[in-house]
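> I would like to see how this sequence folds:
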Amino acid sequence: MTDTRRRGNSFGWSWLWWTAGFLAFPIAGVAGRLVGGRVDDPAAAGLAGFVAGSVVGAGQWLASRGRLQPVPWIVATALGMGVGLLLGGIVVGFQTSLTDVAIMGALTGVVLGLAQTVALPARTLRRWWWAAAMPLLWPLGWTITTLAGIPMAEQFTIFGASGAVTFSALSGLLLYRLLPPMRTTATDTAGVEAPLMRPSP
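Numbers count the residues shown, from 1 in each chain. Alright, predicted model coming up:
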């Protein structure tokens, strides 16, 4: 029972921290908009995506509580978003219907997922699940934002808070499965605190 509670507490806190990382998304959107402007041409898409990706990558690294390596993850996220948003925007002609933003999100997710998968630590289990999930979760974020009534005609760099919460919550479940915390502190039956290795999922 004690080990089960420890695992549950570790999962709960890890997931909540990662989900709280959604706060990086609106900040990333503002930063991308300030630097790149509206995502209405290739130059704006690439620049805004790179800036927004840098902010998102930094936020996710902080929310990972040490599981991700900062430089590889932030660089991969910046490049993945920059190239992915550029590709997605060109394919849909920078249009903003629900279908268009979903397609753009899926293409961004393909590039972003591959870049981030390479940046995952060596101990990651089944790392390519992450690459497979991003083309599904990224358009989901755009879809939820659109259905929430956010005006996509403004040609934002990244989806809004409603989509970001959903994305972060779901991706957090996957990240814990692929990359659980290495250690946690537990108190044994003698009352002595000792490091406890996390079991493989």
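
> Give me the buried positions along the helix or strand containing Pro139.
Element membership for Pro139, per DSSP states H and E: helix 128-147. Neighbour-count burial for helix 128-147 flags 129-131, 133-135, 137-146 (criterion: 16 or more other Cβ atoms under 10 Å). In this view, the C-beta of every residue, glycine as well, is placed from N, C-alpha and C.

> Looking at these, which one is closest to Gly49?
For the buried residues of helix 128-147, the residue nearest Gly49 by Cβ to Cβ is Trp138; the value is 11.9 Å.

> Now do the closest one against Gly84, distance only.
Distance, Trp138 to Gly84, using Cβ to Cβ, to the nearest Å: 8 Å.

> tell me, what's touching those two both at once?
Thr108, Gly109, Leu112 (Cβ atoms under 8 Å, 6 or more residues apart in numbering).

> If we ignore the residues flanking it in sequence, what's nearest the second one?
Closest residue in space to Gly109, ignoring its immediate chain neighbours: Trp138 at 3.3 Å, by Cβ to Cβ, 6 or more residues apart in numbering.

> and the gap between the one you found and Phe159?
Distance from Trp138 to Phe159, counting by Cβ to Cβ: 8 Å.

> what sits in contact with each of the two?
Residues touching both Trp138 and Phe159 comprise Gly105, Phe167, with contact defined as Cβ under 8 Å, 6+ apart.

> Show residues contacting stretch 135-148.
98, 101-110, 112-113, 152, 159-160, 162-164, 166-167, 170-171.

> Which strand or helix spans the closest residue to Ser64 other than its chain neighbours?
Sequence neighbours aside, Trp18 is the residue nearest to Ser64 in space, at 6.6 Å (criterion: Cβ to Cβ, 6+ apart). Assigned by DSSP H and E, Trp18 falls within helix 2-20.
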